[in-house]
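K.L.:
Okay, structure incoming, though there's no sequence with it:
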């Protein structure tokens with residue numbers, strides 16, 4: 001799992017059957033200390049109704065995503081599982 005910032009949403013008129021009724025979001029990883037985004041964006045299934053600009057917890061493990069989505073096969077390995085209200089990290 002990793003922390004990311006939602007940078008946009010994906011709109012699609014045609015979706016894979018596993019994505020029907022699911023919201024898809026673009027998410028970029030963030031550095032824990034500075035909260036700056038880095039790397040490239042990825043598409044994640046949104047299960048918590050996140051919005052652009054929010055910091056989210058992203059599960060990036062195919063088997064866990066399949067279990068939570070209750071699907072044996074799903075064309076995604078990333079799932080937004082939580083919104084971060086506050087975080088405290090001790091970098092001593």
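P.N.:
Received the coordinates, thanks. This structure is a prediction, so every number in the text was calculated from the model and none was measured.

K.L.:
drop to CA atoms for contacts and neighbour counts, all remaining ones
P.N.:
OK.

K.L.:
Residue 91: neighbouring residues, count only.
P.N.:
In terms of burial, residue 91 registers 6 neighbours under the definition other Cα atoms under 10 Å.

K.L.:
separation between it and residue 27?
P.N.:
When distance is defined by Cα to Cα, to the nearest Å, residue 91 is 25 Å away from residue 27.

K.L.:
Quote the end-to-end distance of stretch 31-44.
P.N.:
In stretch 31-44, first residue to last residue: 18 Å (Cα to Cα).

K.L.:
now stretch 14-24
P.N.:
When the end residues of stretch 14-24 are compared by Cα to Cα, they are separated by 13 Å.

K.L.:
buried ones in it?
P.N.:
Of the residues in stretch 14-24, those scored as buried under the neighbour-count criterion (16 or more other Cα atoms under 10 Å) are 23, 24.

K.L.:
what mean pLDDT does it have?
P.N.:
Per-residue pLDDT over stretch 14-24 has a mean of 75.

K.L.:
Pull the residues that contact it.
P.N.:
Around stretch 14-24, the neighbours that count as contacts under Cα atoms under 8 Å, 6 or more residues apart in numbering are 9, 10, 11, 43, 44, 45, 46, 47, 49, 71, 74, 75.

K.L.:
Centre of the chain to it, how far?
P.N.:
Average the C-alpha atoms of stretch 14-24, do the same for its chain, and the two points are 15 Å apart (Cα atoms, centre = their mean, to the nearest Å).

K.L.:
Just after the helix or strand of the chain with the lowest mean pLDDT, pick out the following helix or strand.
P.N.:
Taking mean pLDDT, DSSP states H and E as the measure, the chain has helix 62-69 as its least confident helix or strand, at a mean of 64. Scanning the chain past helix 62-69 towards its C-terminal end, the next helix or strand to appear is strand 78-83 (assignment: DSSP states H and E).

K.L.:
Tell me the bridge partners for the residue most central in space within the chain.
P.N.:
With distances taken as Cα atoms, centre = their mean, residue 80 lies nearest the centre of the chain, 3.3 Å away. Legend: beta-bridge partners of residue 80 under DSSP bridges are residue 46, residue 58.
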